[in-house]
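> sequence plus the predicted model coming up.
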Amino acid sequence: MITITKNEEVVLNQIKIFVVEYPEGIPINVLRKDLGFHEYDLVQILSELEDKELVVFKDEKVSLSEHEKEVNTVNSKKDVEELELNMKEKESYKLIQDLVDDKNLISKYTLEGHLLYGDLKLSNFRMYHIILSLQNKGLLKSITKEDGEYYLLVE
């Protein structure tokens, strides 16, 4: 599921309307004039929608992407970040559950490697933020053993 803001939803809905009239791509000026957005704001929104793979924005024209995706709308970018973080936390927690050994332990470096370079491909900042959040929620505990640093999955 992809989460977008209200403004992104307005632009996406307008693109869906204009796509019939402009099958080769909707000129950005047509969208700007119809929506009443400043060009800078519209380009920012279109870039965000392109990053989320909902539209293709190229050569001052925009069209819908080939992929149908389930979309969830929230009020602000901050709400988007919080919702995505919560989803990433859940995915990370599930990954940790799959990786721990029979004593619910996983090496710190193994976990960090899987979060950074595995399917989730988290940034350093997001990875540490998620680990810290899981620790604050009492789901993960950092421990030191004689042979290295580990995380204990608390269930």
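Here it is on my side, so go on.

> what's stretch 126-140 in contact with?
Defining contact as CB atoms under 8 Å, 6 or more residues apart in numbering, one finds that stretch 126-140 is touched by 85, 88-89, 92-93, 96, 111-112, 115-116, 122, 141-142, 151-154. Using the backbone N, CA and C atoms, a C-beta is placed for each residue, glycine as well.

> out of those, list just those in strands.
Among these, DSSP state E puts 141-142, 151-153 in strands.

> pretty sure residue 3 is in a strand, no?
Yes. Residue state for residue 3 (DSSP: H, G, I helix; E, B strand; the rest coil) corresponds to a strand.

> pull the contacting residues for it.
71-74, 79-80, 83-84.

> of these, buried ones?
Buried subset of the contacts of residue 3 (neighbour count, 16 or more other CB atoms under 10 Å): 73-74, 80.

> which other residues reach stretch 55-69?
With contact meaning CB under 8 Å, 6+ apart, stretch 55-69 is reached by 1-2, 12, 15-16, 19, 22, 24-29, 31, 46-47, 49-50, 52-54.
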